[in-house]
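*Asks:* Using only what follows, build the 3D model:
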Amino acid sequence: MVEKEFKRIDPATLNLKDQVVSINRVTKVVKGGKNLSFSALVVVGDPDQKIVGYGSGKAKEVPSAIRKGIEAAKKNLVKINTLATTIPHRVLGRYGSGMVLLKPAREGTGIIAGGPVRAVIQAVGIPNVLTKSLGTTNPHNVVKATFDALLQLREKGAVAAMRGLEVEKL
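*Replies:* Numbering: from 1, shown residues only. Take a look at the predicted model:
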(Lines give C-alpha, C1' and ligand atoms only; values in the text may rest on other atoms or scores of the structure.)
Protein backbone atom coordinates (compact mmCIF):
# COMPACT_ATOMS: atom_id res chain seq x y z
CA MET A 1 0.00 0.00 0.00
CA VAL A 2 1.34 3.43 -0.91
CA GLU A 3 1.66 5.89 1.98
CA LYS A 4 1.75 9.59 1.14
CA GLU A 5 0.52 12.88 2.51
CA PHE A 6 -2.73 14.22 1.10
CA LYS A 7 -3.98 17.75 1.36
CA ARG A 8 -7.64 18.07 2.21
CA ILE A 9 -9.93 18.59 -0.80
CA ASP A 10 -12.94 20.84 -0.24
CA PRO A 11 -16.10 19.00 -1.43
CA ALA A 12 -18.12 22.25 -1.66
CA THR A 13 -16.14 23.39 -4.73
CA LEU A 14 -16.72 20.14 -6.66
CA ASN A 15 -19.56 18.73 -8.74
CA LEU A 16 -19.77 15.39 -6.88
CA LYS A 17 -21.85 12.46 -8.08
CA ASP A 18 -22.55 9.62 -5.68
CA GLN A 19 -23.09 5.95 -6.39
CA VAL A 20 -24.18 3.27 -3.93
CA VAL A 21 -21.94 0.21 -4.27
CA SER A 22 -23.64 -2.08 -1.76
CA ILE A 23 -26.31 -2.10 0.92
CA ASN A 24 -26.17 -4.75 3.59
CA ARG A 25 -28.80 -5.64 6.21
CA VAL A 26 -27.11 -6.34 9.53
CA THR A 27 -28.56 -7.59 12.80
CA LYS A 28 -27.29 -7.40 16.34
CA VAL A 29 -28.66 -10.00 18.73
CA VAL A 30 -29.48 -8.49 22.12
CA LYS A 31 -31.34 -9.62 25.22
CA GLY A 32 -34.71 -8.39 23.89
CA GLY A 33 -34.31 -9.87 20.40
CA LYS A 34 -32.63 -8.69 17.21
CA ASN A 35 -31.75 -5.10 16.32
CA LEU A 36 -31.99 -4.59 12.57
CA SER A 37 -29.92 -1.91 10.81
CA PHE A 38 -28.44 -1.19 7.38
CA SER A 39 -24.90 -0.62 6.18
CA ALA A 40 -24.17 1.26 2.93
CA LEU A 41 -20.93 1.53 0.94
CA VAL A 42 -20.91 4.68 -1.21
CA VAL A 43 -18.45 6.09 -3.78
CA VAL A 44 -18.49 9.81 -4.67
CA GLY A 45 -16.47 11.50 -7.36
CA ASP A 46 -16.04 14.40 -9.74
CA PRO A 47 -15.19 12.92 -13.17
CA ASP A 48 -14.05 16.29 -14.57
CA GLN A 49 -11.51 16.91 -11.77
CA LYS A 50 -10.44 13.22 -11.41
CA ILE A 51 -11.31 13.28 -7.69
CA VAL A 52 -12.90 10.32 -5.91
CA GLY A 53 -13.64 9.08 -2.38
CA TYR A 54 -15.48 6.26 -0.63
CA GLY A 55 -17.30 5.95 2.66
CA SER A 56 -19.43 3.64 4.73
CA GLY A 57 -22.53 4.52 6.74
CA LYS A 58 -24.75 2.61 9.16
CA ALA A 59 -28.26 3.51 10.28
CA LYS A 60 -31.69 2.08 11.09
CA GLU A 61 -33.04 3.06 7.64
CA VAL A 62 -31.45 2.75 4.18
CA PRO A 63 -31.67 6.46 3.12
CA SER A 64 -29.97 7.69 6.28
CA ALA A 65 -27.26 5.00 5.93
CA ILE A 66 -26.61 6.21 2.37
CA ARG A 67 -26.51 9.85 3.55
CA LYS A 68 -23.96 8.95 6.25
CA GLY A 69 -21.89 7.06 3.67
CA ILE A 70 -21.86 10.10 1.36
CA GLU A 71 -20.72 12.37 4.21
CA ALA A 72 -17.93 9.91 5.09
CA ALA A 73 -16.88 9.70 1.43
CA LYS A 74 -16.64 13.50 1.15
CA LYS A 75 -14.07 13.44 3.97
CA ASN A 76 -12.00 10.85 2.08
CA LEU A 77 -11.48 12.55 -1.31
CA VAL A 78 -8.24 12.03 -3.29
CA LYS A 79 -6.96 13.28 -6.67
CA ILE A 80 -5.99 10.56 -9.18
CA ASN A 81 -3.24 10.86 -11.84
CA THR A 82 -4.57 9.88 -15.27
CA LEU A 83 -3.86 10.45 -18.93
CA ALA A 84 -6.42 12.00 -21.29
CA THR A 85 -8.60 8.90 -21.71
CA THR A 86 -6.92 6.10 -19.75
CA ILE A 87 -4.39 5.38 -16.99
CA PRO A 88 -0.63 5.89 -17.49
CA HIS A 89 0.51 2.34 -16.68
CA ARG A 90 -0.49 -1.10 -15.42
CA VAL A 91 -0.98 -1.39 -11.65
CA LEU A 92 -2.06 -3.98 -9.05
CA GLY A 93 -3.87 -2.79 -5.92
CA ARG A 94 -4.24 -4.94 -2.82
CA TYR A 95 -6.34 -4.77 0.30
CA GLY A 96 -6.87 -7.79 2.52
CA SER A 97 -7.37 -10.79 0.24
CA GLY A 98 -8.73 -8.59 -2.56
CA MET A 99 -6.60 -7.63 -5.55
CA VAL A 100 -7.54 -5.38 -8.46
CA LEU A 101 -5.51 -5.20 -11.67
CA LEU A 102 -5.90 -2.03 -13.75
CA LYS A 103 -4.51 -1.86 -17.31
CA PRO A 104 -4.50 1.00 -19.83
CA ALA A 105 -6.85 0.60 -22.79
CA ARG A 106 -7.13 2.13 -26.26
CA GLU A 107 -9.64 4.80 -27.19
CA GLY A 108 -13.12 3.32 -27.63
CA THR A 109 -12.59 0.30 -25.37
CA GLY A 110 -14.78 1.60 -22.54
CA ILE A 111 -14.72 0.49 -18.93
CA ILE A 112 -14.25 -3.26 -18.74
CA ALA A 113 -14.96 -3.80 -15.05
CA GLY A 114 -17.49 -5.41 -12.78
CA GLY A 115 -19.47 -4.20 -9.80
CA PRO A 116 -17.50 -2.22 -7.21
CA VAL A 117 -14.51 -1.56 -9.50
CA ARG A 118 -16.79 -0.07 -12.18
CA ALA A 119 -18.38 2.28 -9.63
CA VAL A 120 -14.98 3.65 -8.59
CA ILE A 121 -13.64 3.97 -12.17
CA GLN A 122 -16.81 5.78 -13.33
CA ALA A 123 -16.63 8.12 -10.33
CA VAL A 124 -13.02 9.00 -11.25
CA GLY A 125 -14.02 9.60 -14.87
CA ILE A 126 -11.63 7.26 -16.69
CA PRO A 127 -13.37 6.34 -19.97
CA ASN A 128 -11.07 3.53 -21.19
CA VAL A 129 -9.59 0.95 -18.82
CA LEU A 130 -9.32 -2.83 -18.48
CA THR A 131 -9.69 -4.31 -14.99
CA LYS A 132 -9.62 -7.68 -13.30
CA SER A 133 -10.75 -8.31 -9.75
CA LEU A 134 -8.87 -11.17 -8.09
CA GLY A 135 -9.34 -12.85 -4.72
CA THR A 136 -12.26 -11.80 -2.57
CA THR A 137 -15.59 -10.53 -3.88
CA ASN A 138 -16.31 -8.54 -0.72
CA PRO A 139 -17.28 -5.07 -2.06
CA HIS A 140 -15.52 -3.23 0.80
CA ASN A 141 -12.18 -4.94 0.12
CA VAL A 142 -12.55 -4.61 -3.66
CA VAL A 143 -13.23 -0.83 -3.41
CA LYS A 144 -10.25 -0.36 -1.08
CA ALA A 145 -8.00 -2.42 -3.39
CA THR A 146 -9.14 -0.28 -6.34
CA PHE A 147 -8.25 2.87 -4.39
CA ASP A 148 -4.84 1.36 -3.56
CA ALA A 149 -4.26 0.75 -7.28
CA LEU A 150 -5.38 4.26 -8.27
CA LEU A 151 -3.10 5.86 -5.67
CA GLN A 152 -0.11 3.99 -7.14
CA LEU A 153 -0.56 5.71 -10.53
CA ARG A 154 2.35 8.06 -11.30
CA GLU A 155 3.02 10.60 -14.05
CA LYS A 156 6.18 10.37 -16.17
CA GLY A 157 7.62 13.55 -14.64
CA ALA A 158 7.22 12.25 -11.08
CA VAL A 159 8.87 8.90 -11.93
CA ALA A 160 11.77 10.67 -13.67
CA ALA A 161 12.28 12.94 -10.66
CA MET A 162 12.26 9.94 -8.29
CA ARG A 163 14.88 8.12 -10.37
CA GLY A 164 16.97 11.24 -10.99
CA LEU A 165 16.60 10.98 -14.77
CA GLU A 166 15.24 13.17 -17.52
CA VAL A 167 11.75 12.43 -18.85
CA GLU A 168 13.14 11.55 -22.34
CA LYS A 169 15.31 8.74 -20.88
CA LEU A 170 12.36 6.82 -19.43
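*Asks:* what's near enough to touch Val91?
*Replies:* Leu101, Leu102, Ala149, Leu150, Gln152, Leu153 (Cβ atoms under 8 Å, 6 or more residues apart in numbering). All C-beta atoms are positioned from the backbone trio N, CA, C, and that covers glycine.
*Asks:* give me the number of residues near the fourth one?
*Replies:* This points to Leu150. Neighbours of Leu150 under the rule other Cβ atoms under 10 Å: 25.
*Asks:* got it, and the fifth one?
*Replies:* Neighbours of Gln152 under the rule other Cβ under 10 Å: 16.
*Asks:* shouldn't it be in contact with Arg90?
*Replies:* No: when contacts are counted by Cβ atoms under 8 Å, Gln152 is not listed as touching Arg90 (10.1 Å).
*Asks:* Relative to Val21, which of the contacts of Val91 is nearest.
*Replies:* Val21 lies nearest to Leu150 out of the contacts of Val91, by Cβ to Cβ, at 15.0 Å.
*Asks:* Please tell me how far the residue lying closest to the closest one once chain neighbours are set aside sits from Lys50.
*Replies:* Nearest non-adjacent residue to Leu150, counting by Cβ to Cβ, 6 or more residues apart in numbering: Ile80, 4.9 Å away. The gap separating Ile80 from Lys50 is 5 Å, by Cβ to Cβ, to the nearest Å.
*Asks:* residues of the one helix or strand Val42 maps to that come out buried?
*Replies:* Using DSSP states H and E, Val42 sits within strand 33-46. Buried residues in strand 33-46, counting neighbours by 16 or more other Cβ atoms under 10 Å, are found at Ser37, Phe38, Ser39, Ala40, Leu41, Val42, Val43, Val44, Gly45, Asp46.
*Asks:* For Thr27, see how far away the fourth one is.
*Replies:* Ala40 is 16 Å from Thr27, where distance means Cβ to Cβ.
*Asks:* Repeat that for the last one.
*Replies:* To Thr27, Asp46 is 36 Å away according to Cβ to Cβ.
*Asks:* What score does the closest residue to Gly108 other than its chain neighbours have for pLDDT?
*Replies:* Excluding the flanking residues, the one nearest Gly108 by Cβ to Cβ, 6+ apart is Asn128, at 7.1 Å. On the pLDDT scale, Asn128 is placed at 94.
*Asks:* what do you get for Gly114?
*Replies:* 89.
*Asks:* for it, what are its contacts?
*Replies:* Gly114 touches Thr131, Ser133, counting by Cβ under 8 Å, 6+ apart.
*Asks:* And for Ala158?
*Replies:* Asn81 are the contacts of Ala158 under Cβ under 8 Å, 6+ apart.
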